[in-house]
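Undergrad: below are the sequence and a predicted model; questions follow.
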Amino acid sequence: MVARIRIVVAKPGLDGHDRGAKVIARALRDAGHEVIYTGLHQTPEQIVETALQEDADVIGLSVLSGAHMTIFKKLIQLLDARDARDIVVIGGGIIPQDDIPLLREIGVAEVFTPGATTTSIVDWVRENVQDGSTVEA
């Protein structure tokens, strides 16, 4: 039996638009993964704490506020401080193409921009995350 991937889907910051995050959470759950949706207005500290408490394999952030660089950087720093960089970090939302390489440099495994299908996100998780770590190519 294959272990289910545990995914924390979070909506950081003051942005109150969570329909996309809920759609992604549902698609991942329907694909057989265990999904914990944290709700709106989460701080990076709250998200990391939830991921650790839930023994998450993946943290997926939905960021529409334009604060993606700050939020992802803080989240990665907190994971480093808690010796939890085995948790795969992915994200999506309104993120300029020019920022995606910078996010990857700081440790974000994948970024899904508007137009990404739920199927492509589910497939990426299935193909790239096993036992809490990204699959090496």
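TA: Arrived safely.
Undergrad: just the residues contacting the helix or strand harbouring residue 105, thanks.
TA: Counting by DSSP states H and E, the element that carries residue 105 is helix 100-106. Under the criterion C-beta atoms under 8 Å, 6 or more residues apart in numbering, residues 68, 69, 72, 73, 76, 91, 95, 111, 113 lie in contact with helix 100-106. Bear in mind the C-beta positions are built from the backbone N, C-alpha and C, glycine included.
Undergrad: count of neighbours near the second one?
TA: So that's residue 69. By other C-beta atoms under 10 Å, the residues close to residue 69 number 15.
Undergrad: got the buried residues for the helix ranked longest in the chain?
TA: The helix that spans the most residues within the chain, counting by DSSP state H, is helix 68-81. For helix 68-81, the neighbour count (16 or more other C-beta atoms under 10 Å) marks 68, 71, 72, 73, 74, 75, 76, 78, 79 as buried.
Undergrad: now do the SS call for the residue most central in space within the chain.
TA: Geometric centre of the chain, nearest residue: residue 60, 1.3 Å, by C-alpha atoms, centre = their mean. Here residue 60 is recorded as strand under DSSP: H, G, I helix; E, B strand; the rest coil.
Undergrad: for residue 122, see how far away it is.
TA: Shown here: residue 60 relative to residue 122, a distance of 11 Å by C-beta to C-beta, to the nearest Å.
Undergrad: which neighbours do the two share?
TA: Common neighbours of residue 60 and residue 122 (C-beta under 8 Å, 6+ apart) are residue 28.
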